[in-house]
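Chemist: Sharing a model prediction with you, sequence too.
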Amino acid sequence: MERAASFTAVPGWGGVAMGATAVAAAWLASRAVTPQAWLSTWLAEGVLAFSIGCWSIRVKAARSKTPLFDGSARRFAMTLAPPIVAGAIATVALASRQLIGILPGLWLLLYGAAVVTGGATSVPVVPLLGLSLMATGALALFSPASWGNVYLAVGFGGLQIAFGLYIARRHGG
């Protein structure tokens with residue numbers, strides 16, 4: 001009954017891969033010589049992570065015979081999307097005003113909110129990942145902007161890897 005009501009295709013190994021690329025992006029972004037190069041690095045990472053996430057959800061859903069377009073998957077996507085869209089809009093607005101130093105905290109906070117809301121229809125550990133990301137984002141917002149890459153590496157990298165490993169072991173990859 002729980003399987004019918006929850007979205008179980010959350011990818012553990014996909015989360016690990018997304019975390020690994022985020023750590024690499026943090027390293028690359030820390031060497032950027034302009035704010036635009038820094039932003040480009042992280043935007044490219046966002047596209048890559050989104051692609052990895054979609055692909056790994058598809059693979060896990062196919063392997064577990066979980067329909068991708070049933071009610072729970074639709075609810076997962078519909079609750080995950082609004083904070084992500086809000087983050088994209090805020091990114092454009094803040095970058096156009098040269099307020100790039102706020103972005104790491106904002107991204108972590110809104111992605112965390114997306115994971116919490118999406119996770120409400122998923123396995124129980126997913127909202128905990130979201131809350132952890134939100135806490136990391138809140139810390140980043142009240143820290144010096146120069147620490148942004150560290151917070152992004154911890155949140156998008158370390159937390160994704162740790163929770164991804166847990167999900168892979170406890171919920172089948």
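Modeler: That came in fine, so what should we check first?
Chemist: Look up how far Ser96 lies from the spatially closest residue to Ala81 that is not a sequence neighbour.
Modeler: Closest residue to Ala81 apart from its sequence neighbours, by C-beta to C-beta, 6 or more residues apart in numbering: Ala114 at 7.5 Å. C-beta here means a position set from N, CA and C on the backbone, and glycine is covered the same way. Ala114 sits 23 Å away from Ser96 when distances are taken as C-beta to C-beta, to the nearest Å.
Chemist: ok, those two, which is more surrounded?
Modeler: Applying other C-beta atoms under 10 Å to Ala114 and Ser96 shows that Ala114 carries more neighbours, namely 22 against 8.
Chemist: who touches that one in this structure?
Modeler: 79-84, 87, 130 (C-beta atoms under 8 Å, 6 or more residues apart in numbering).
Chemist: The residue lying closest to Leu28 once chain neighbours are set aside and Arg75, how far apart?
Modeler: Excluding the flanking residues, the one nearest Leu28 by C-beta to C-beta, 6+ apart is Thr41, at 5.1 Å. Shown here: Thr41 relative to Arg75, a distance of 33 Å by C-beta to C-beta.
Chemist: Equivalent analysis for Trp107, please.
Modeler: Distance of Trp107 to Arg75, given as C-beta to C-beta: 24 Å.
Chemist: So which of the two has more stuff around it?
Modeler: Trp107 (25 against 18).
Chemist: distance of the residue nearest to that one when sequence neighbours are not counted from Gly53?
Modeler: Counting by C-beta to C-beta, 6+ apart, Trp107 lies nearest to Gly87, which is 5.9 Å off, once chain neighbours are set aside. For Gly87, the distance to Gly53 equals 15 Å [C-beta to C-beta].
Chemist: With Leu133 instead?
Modeler: Distance of Leu133 to Gly53, computed by C-beta to C-beta: 14 Å.
Chemist: Next up, the contacts around Trp154.
Modeler: Residue 154: Val, not Trp. Thr136.
Chemist: which element is the spatially most central residue of the chain on?
Modeler: Centroid-nearest residue in the chain, with C-alpha atoms, centre = their mean: Tyr111, separated by 5.3 Å. Assigned by DSSP states H and E, Tyr111 belongs to helix 103-119.
Chemist: Quick one: name whatever helix or strand follows that helix.
Modeler: By DSSP H and E, the next helix or strand past helix 103-119 is helix 125-141.
Chemist: Show me the longest helix that occurs in this structure.
Modeler: With secondary structure taken from DSSP state H, the chain has its longest helix at helix 35-64.
Chemist: tell me the mean pLDDT over that one?
Modeler: Across helix 35-64, the average pLDDT comes to 92.
Chemist: hmm, back to that, same question for the helix holding Tyr111, mean pLDDT?
Modeler: Helix 103-119 comes out at a mean pLDDT of 95.
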